[in-house]
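Engineer: Sequence plus predicted model, see below.
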Amino acid sequence: MTERKTIVYPNPQVLAEAVAARTLLTIIDLLAEPGRTRVDIAVTGGTDGNRVFAATNASPLNDAVDWSRVHVWWGDERFVAADDDDRNAKQAREAWYGALVEDGRMPAGNVHAMPADTRSATEIAAASPEQTDAVLAEAAAEYQRELTAQLGENPALDIAMFGMGPDAHFASLFPDHGESEIADPHVLVAGVRDSPKPPPLRLTLTVPMIARSKHTWVFTSEERKAGAVKAAFAQRNNPHAPSSYADGEELLWLIDSGAASEL
């Protein structure tokens, strides 16, 4: 496994600004590589993720990126209607990339949102667990097909960014829920039913897909997550602390002093 490196920042706002600057500079550097035609990044939602989006928009480096060559993916998504406020993609569009698309700087086709639930409320309520599993499995397969169509049979992301919850979950890989332990290299996207955090249905990249990333960054803030950080650092590949499975060619944990308080 890749050696984990940790950087501690004084507070959540400085953390967000640092992650935004690191992301923008890394994209610029990657796009400058000879023969490089595109950069593929997976983004996250949540409080910390939205802070990073705001800091990205505010950064002067934002104008130095050729966004026409940047493709946006998601590490996980809430499997709800496309216009539901719970959707990570909707939050990210409103907080960040929507303005890039509207200004013509990023083609709409460069945004690869995970599938939404197109069923009616009546259909969702009437579905059996087996039917729900089948719908989730097809949505996961659809996103995996998109990954391979865009990035080849062995797709890898340039940057994969994840927040972490107070239960030490990242993406939608929850403690003792099974999905974090998926090791099959052919299963890159999974459906999650009965998520312990609402909404109950989700889609997520799996550890085998995350581990292929050139840069994997886990960032989190606030003292309420200090115990989760401690658990993730205590043992690698711990199903009780799924963020301990985070891996990639480069693995960085970017946290604030509150989240680091138990280390």
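Structural biologist: Noted; the coordinates are in hand.
Engineer: SS state for W217?
Structural biologist: Per DSSP: H, G, I helix; E, B strand; the rest coil, the secondary structure class of W217 is strand.
Engineer: How about it: which residues does it bridge to?
Structural biologist: Beta-bridge pairing of W217 under DSSP bridges involves M161, L252.
Engineer: mind listing what the nearest residue to R38 once chain neighbours are set aside touches?
Structural biologist: The shortest distance from R38 to any non-neighbouring residue, by C-beta to C-beta, 6 or more residues apart in numbering, is to R69 (4.9 Å). For every residue, glycine as well, the C-beta is placed using N, CA and C. R69 is in contact with L31, T37, R38, V39, counting by C-beta atoms under 8 Å, 6 or more residues apart in numbering.
Engineer: Okay, and which of the residues you listed map to strands?
Structural biologist: V39 (DSSP state E).
Engineer: Redo the contacts of R69 as TSV? Include neighbour count, distance to S128 and pLDDT.
Structural biologist: TSV is the format used below for the contacts of R69 (neighbours: other C-beta atoms under 10 Å; distance: C-beta to C-beta, whole Å; pLDDT from 0 to 100):
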residue	neighbour count	distance to S128	pLDDT
L31	18	48	98
T37	7	45	97
R38	15	41	98
V39	23	42	98
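Engineer: Out of the contacts of R69, which is nearest to A141?
Structural biologist: Closest to A141 out of the contacts of R69 is R38 (23.7 Å), distances taken as C-beta to C-beta.
Engineer: Settle this for me: the closest one is touching V70, isn't it.
Structural biologist: Yes - applying C-beta atoms under 8 Å, one finds R38 in contact with V70, separated by 7.2 Å.
Engineer: excluding its backbone neighbours, what's nearest M209?
Structural biologist: Per C-beta to C-beta, 6+ apart, closest to M209 is L188, 3.9 Å.
Engineer: Kindly report the same for E223.
Structural biologist: G258 is the one closest to E223 (C-beta to C-beta, 6+ apart), at 3.8 Å.
Engineer: where do the strands sit along the stretch 151-263 of the chain?
Structural biologist: 159-162, 189-192, 202-205, 215-220, 250-256 (DSSP state E, counting those that start in this stretch).
Engineer: just those: most buried one?
Structural biologist: strand 202-205 (a mean of 28; mean count of other C-beta atoms under 10 Å).
Engineer: so what secondary structure elements neighbour that strand?
Structural biologist: strand 76-78, helix 129-151, strand 189-192 (3 or more C-beta pairs under 8 Å, 6 or more residues apart in numbering; DSSP states H and E).
Engineer: that older thread, and the residue nearest to M209, what does it touch?
Structural biologist: Contacts of L188 (C-beta under 8 Å, 6+ apart): Q144, L147, P155, L205, T206, P208, M209.
Engineer: So which of the residues you listed is the closest to E77?
Structural biologist: Nearest member of these to E77, counting by C-beta to C-beta, is L205, at 9.8 Å.
Engineer: For burial, what's the neighbour tally of the closest residue to that closest one other than its chain neighbours?
Structural biologist: Using C-beta to C-beta, 6+ apart and skipping residues adjacent in sequence, the residue nearest L205 is G75, 5.3 Å away. G75 has 28 neighbours, counted by other C-beta atoms under 10 Å.
Engineer: Would you mind confirming that G75 is in contact with I41?
Structural biologist: No - G75 is beyond contact range of I41, at 10.0 Å (criterion: C-beta under 8 Å).
Engineer: any shared contact partners between these two?
Structural biologist: Shared contacts of G75 and I41, counting by C-beta under 8 Å, 6+ apart, come down to A160, M161.
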